[in-house]
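Asks: following is a predicted model, sequence given first.
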Amino acid sequence: MMSVPPSSPGEHGPGPIGSRAVEPGASDAAAELIDLLRLSARGHEDAFTTLYDRTCARVYGIVLRVLRSPDQAAEVTQEVYVEVWRQAARYAPEKGGVLAWMATMAHRRAIDRVRSVTSETARDQRYALREATPAQDNVWTGVEQRLDAERVRRGLSTLTAIQREALLLAYFGGYTQSQVATLLELPLGTVKTRIRDGLIRLRDALGVEL
Amino acid sequence: MSEFHVEVGAYALDALDESERDAFEQHLAGCQSCQRELAEFTETTARLGVLGDVAPPPELRGSLLDAIRQVRPLPPLDAPLPADMAGSRTDVTEPGFEDREIEGSASVGIDTDGIDTDGIAPRRALELAPDRRPDVAGESARDHDPDEEAAASDDLALRRLNRQGRRSRLLTLAVAAVTVIALAFGGWAYVLQRQQQTVASQAAAANQLLSAPDVKTYPVDVGGTPATFVVSKSLDKAMFVGAELPAAAQGRTYQLWTLDSAKTPKPAATFPGGPDTAVFMSGDISAAAALAVTSEPEGGSTKPTLPILASTAL
């Protein structure tokens, strides 16, 4: 979804930890989403449909990872987009990007649904980072998505093993910090710190700046 | 308080349980550095999501488009959120909201039937300090004299209605509810200024209904909570009044319906529930054979979703 600048990949890789490498070209895609959302706020179904096409793989993917059931994931994904449609006029660019707004909504809803189910024992005790299934061409430009995923994987490689595990267990596994502490056999305080440090490193590696 | 900072990462990943989340959000509301860090982490986790990208099933697209046709987009808020509300969970926040006094004489247009109540929490309006409540048809928490005319007509109405204690209670509820609605829509009062109906006249409309010669009250039970349809066929007006209806769940609203002699339901109003509901119903009351209330997705529906929560034959 981030458009790739026409230059050698090495130029825009993550800098050393602590430096912020900003990606040019990403702003065009982000600006398009803002326009689509603005039009949706005024009731333009076509714009909303395009917005869906641009973002659904991210939303559905996040929800599917957490819920693990395609049926439930489809349900929650629809709920998220209905909410996006409803709240489109209330989105404020100062608070962050459209995709981040939607991804946050999606993740929170999926988590809430998971936590409302009483049987946690049904869920896997171990989590492995599965290879992401590349989305279909009409929804996603395969190249862009692969490059983005590459960038994020490189960013994750700058984290320590515990930071990475804690982050992935929490985000994709949907576990609470206490559950992560149990799974990793670490004190809760340590998990809190690792999660925060991991996010700081990833933030820096990806050049996220507001 | 400083032990909360370290949880901003977990919060960004939705890795706090409910009580931890509540506690952290309270901290967040007053901590700018956490707000800033959270915003950056939110962007970061959205990027992290790319590792999970999966195309959804194709049928979802069509199903979604059908769904959004039932839902009205919310209008924008009038004013930007003040910086210290950035961490707040409330949907509607109006800076200076508490400072705005809606006197009966202000020409604020508030048509309850036309107002989208989604996202508005009347409970929040009720939390205003007593000296901030506006004077509406003589209802005042201040120690100065209420508007004499309005008070007089109130008295008259009350005396006429005092045959049944219940009716005067309904009147009080109606006025209180109009106050609540007026406060909740403080921001939108400017947007709706075209409509000439004043806040005072909303209470007057309730007065009028309650004093109609053929007014009838139809008590109903909404999931264990009592509520009342107040109907006057001669005036072609009806209200739904409830003192303690549970607030509609997230993403839902209550909706009222008129049913004609062919039992065809027509949408008549939506409301969010909560303390002190008093909603006028639109549509043909004089010819209605029954009235009903249901729970619907926010924004309302064109056809009622079963089961009907409560109904009454007229």
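Replies: Received, thanks.

Asks: so how far is the strand or helix carrying A:Arg194 from its chain's centroid?
Replies: For A:Arg194, the host element (DSSP states H and E) is helix A:188-206. Mean-position distance between helix A:188-206 and its chain equals 16 Å (C-alpha atoms, centre = their mean, to the nearest Å).

Asks: how close does the residue lying closest to B:Leu245 once chain neighbours are set aside get to chain A?
Replies: Of all residues not flanking B:Leu245 in the chain, B:Gly273 sits nearest, at 4.3 Å (C-beta to C-beta, 6 or more residues apart in numbering or on different chains). To be clear about C-beta, it is placed using only N, CA and C from the backbone, and glycine gets the same treatment. Going from B:Gly273 to chain A by C-beta to the nearest C-beta, to the nearest Å gives 18 Å.

Asks: mind listing what B:Gly273 touches?
Replies: B:Gly242, B:Leu245, B:Pro246, B:Ala247, B:Ala248, B:Tyr254 (C-beta atoms under 8 Å, 6 or more residues apart in numbering or on different chains).

Asks: can I assume the fourth one sits in a helix?
Replies: No - the assignment for B:Ala247 (DSSP: H, G, I helix; E, B strand; the rest coil) gives coil, which keeps it out of a helix.

Asks: quick check: it touching B:Thr277?
Replies: No - under the criterion of C-beta atoms under 8 Å, B:Ala247 makes no contact with B:Thr277, lying 9.8 Å away.

Asks: pick out whichever of these two has more residues nearby.
Replies: Neighbours were counted for B:Ala247 and for B:Thr277 using other C-beta atoms under 10 Å in any protein chain shown; B:Thr277 has more, 25 against 16.

Asks: now do the SS call for that one.
Replies: What three-state DSSP gives for B:Thr277 is strand.

Asks: could I get the pLDDT score of it?
Replies: pLDDT recorded at B:Thr277 is 77.

Asks: where does the nearest residue to it once chain neighbours are set aside fall, helix, sheet strand or coil?
Replies: Distance criterion C-beta to C-beta, 6+ apart; nearest residue to B:Thr277, sequence neighbours excluded, is B:Gly242 at 4.3 Å. Taken by three-state DSSP, the conformation at B:Gly242 corresponds to strand.

Asks: and the gap between B:Gly242 and B:Tyr218?
Replies: 12 Å (C-beta to C-beta, to the nearest Å).

Asks: give me the common contacts of these two.
Replies: In contact with both B:Gly242 and B:Tyr218: B:Thr228, using C-beta under 8 Å, 6+ apart.

Asks: who's more crowded, these two?
Replies: B:Gly242 (26 against 18).

Asks: hang on, that one packs against B:Pro226?
Replies: Yes - applying C-beta under 8 Å as the test, B:Gly242 and B:Pro226 come out as touching, 7.4 Å apart.

Asks: where does the residue of the stretch 1-150 of chain B found nearest chain A fall, secondary structure wise?
Replies: Residue of the stretch 1-150 of chain B nearest chain A, by C-beta to the nearest C-beta: B:Gly9 (3.3 Å). B:Gly9 is part of helix B:8-12 when elements are defined by DSSP H and E.

Asks: from the contact counts, what lies against that helix?
Replies: helix A:188-206, helix B:18-29, helix B:32-48 (3 or more C-beta pairs under 8 Å, 6 or more residues apart in numbering or on different chains; DSSP states H and E).

Asks: now mean pLDDT too, for those, in a markdown table please.
Replies: Putting the helices and strands packed on helix B:8-12 into a markdown table (pLDDT from 0 to 100) gives the following:
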| stretch | mean pLDDT |
| --- | --- |
| helix A:188-206 | 97 |
| helix B:18-29 | 95 |
| helix B:32-48 | 93 |
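
Asks: so which of those helices gets nearest A:Glu144?
Replies: helix B:32-48 (12.9 Å; C-beta to C-beta).

Asks: for that closest one, buried residues please.
Replies: Using 16 or more other C-beta atoms under 10 Å in any protein chain shown as the test for burial, helix B:32-48 gives B:34-35, B:37-48.

Asks: which secondary structure elements does the helix of greatest length in chain A contact?
Replies: Secondary structure of chain A read by DSSP state H shows that its longest helix is helix A:45-67. Counting contacts by 3+ C-beta pairs under 8 Å, 6+ apart, helix A:45-67 packs against helix A:26-41, helix A:70-87, helix A:98-116, helix B:59-68.

Asks: again, only using 10 Å
Replies: helix A:26-41, helix A:70-87, helix A:98-116, helix A:142-156, helix A:161-171, helix B:32-48, helix B:59-68 (3 or more C-beta pairs under 10 Å, 6 or more residues apart in numbering or on different chains; DSSP states H and E).

Asks: redo those as JSON lines? Include distance to B:Ser286.
Replies: As requested, the helices and strands packed on helix A:45-67 are arranged in JSON lines below (distance: least, C-beta to C-beta, whole Å):
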{"stretch": "helix A:26-41", "distance to B:Ser286": "39"}
{"stretch": "helix A:70-87", "distance to B:Ser286": "35"}
{"stretch": "helix A:98-116", "distance to B:Ser286": "44"}
{"stretch": "helix A:142-156", "distance to B:Ser286": "61"}
{"stretch": "helix A:161-171", "distance to B:Ser286": "58"}
{"stretch": "helix B:32-48", "distance to B:Ser286": "54"}
{"stretch": "helix B:59-68", "distance to B:Ser286": "35"}
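
Asks: ok, of those helices, where does mean pLDDT dip lowest?
Replies: Looking at the helices and strands packed on helix A:45-67, the bottom one is helix A:142-156 with a mean of 86.

Asks: tell me what angle that helix forms with helix A:26-41.
Replies: Helix A:142-156 and helix A:26-41 are oriented at 110 degrees to each other (axes from the mean of the first three to the mean of the last three C-alpha atoms, to 10 degrees).

Asks: so A:Val80 is in contact with A:Asp112, correct?
Replies: No - the criterion here is C-beta atoms under 10 Å, and A:Val80 misses it with A:Asp112 at 11.5 Å.

Asks: more neighbours: which of these two?
Replies: Shown here are A:Val80 and A:Asp112; by other C-beta under 10 Å, A:Val80 has more neighbours (25 against 14).

Asks: can you count the residues close to the closest residue in space to that one that isn't next to it in sequence?
Replies: Once flanking residues are discounted, A:Val80 sits nearest to A:Ala106: 4.7 Å by C-beta to C-beta, 6+ apart. Neighbours of A:Ala106 under the rule other C-beta under 10 Å: 28.

Asks: check B:Ile308 too.
Replies: The burial count for B:Ile308: 15, using other C-beta under 10 Å.

Asks: same question, A:Asp71
Replies: Neighbours of A:Asp71 under the rule other C-beta under 10 Å: 9.

Asks: again with the one 3 residues further on
Replies: For A:Ala74, the count of nearby residues is 20 (other C-beta under 10 Å).
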